[in-house]
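Q: Dropping a prediction and its sequence here:
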Amino acid sequence: MAALFGGVVSLVLGIIGIIIFWGYFVKALAAGIPVLLILGGALAAYLGIEEWKDKRNAEKFDKEPDAGELKKEVEDLKKEVKDLKKEE
């Protein structure tokens with residue numbers, strides 16, 4: 001109930017504040033929009049670069065691995081497991 005009351009009071013005070021300080025609100029909005037555009041553009045560019053990197057890395061995984069390499073890796077892992085069991 002206290003949260004509801006606090007929310008209503010904040011809403012009313014906010015509306016009154018915007019009406020009284022309309023000129024300052026418009027100036028702050030005019031100053032804030034370019035900053036938001038710069039930050040939004042920087043974020044979009046960063047995410048685009050990350051997506052490009054992920055796509056490039058995914059293409060590296062698409063190529064078929066050599067069967068001989070996989071068999072050798074499996075044999076090495078089997079040997080390692082066998083050695084670990086001996087240590088126990």
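A: That came through, no problem.
Q: From residue 41, how far out is residue 12?
A: For residue 12, the distance to residue 41 (C-beta to C-beta, to the nearest Å) stands at 36 Å. Where you see a C-beta, it was placed from the backbone N, CA and C, and this is true even at glycine.
Q: where does residue 88 land on pLDDT?
A: Per-residue confidence (pLDDT) for residue 88: 66.
Q: nope, residue 54 is what I was after
A: At residue 54, pLDDT is 90.
Q: what kind of secondary structure is it in?
A: helix (DSSP: H, G, I helix; E, B strand; the rest coil).
Q: Next, work out how far apart it and residue 42 are.
A: In this view, residue 54 and residue 42 are 19 Å apart by C-beta to C-beta.
Q: Which secondary structure element is home to the residue most central in space within the chain?
A: With distances taken as C-alpha atoms, centre = their mean, the residue of the chain nearest its centroid is residue 47 (7.9 Å). Here residue 47 sits within helix 22-62, counting by DSSP states H and E.
Q: Next SSE downstream of that helix?
A: helix 67-87.
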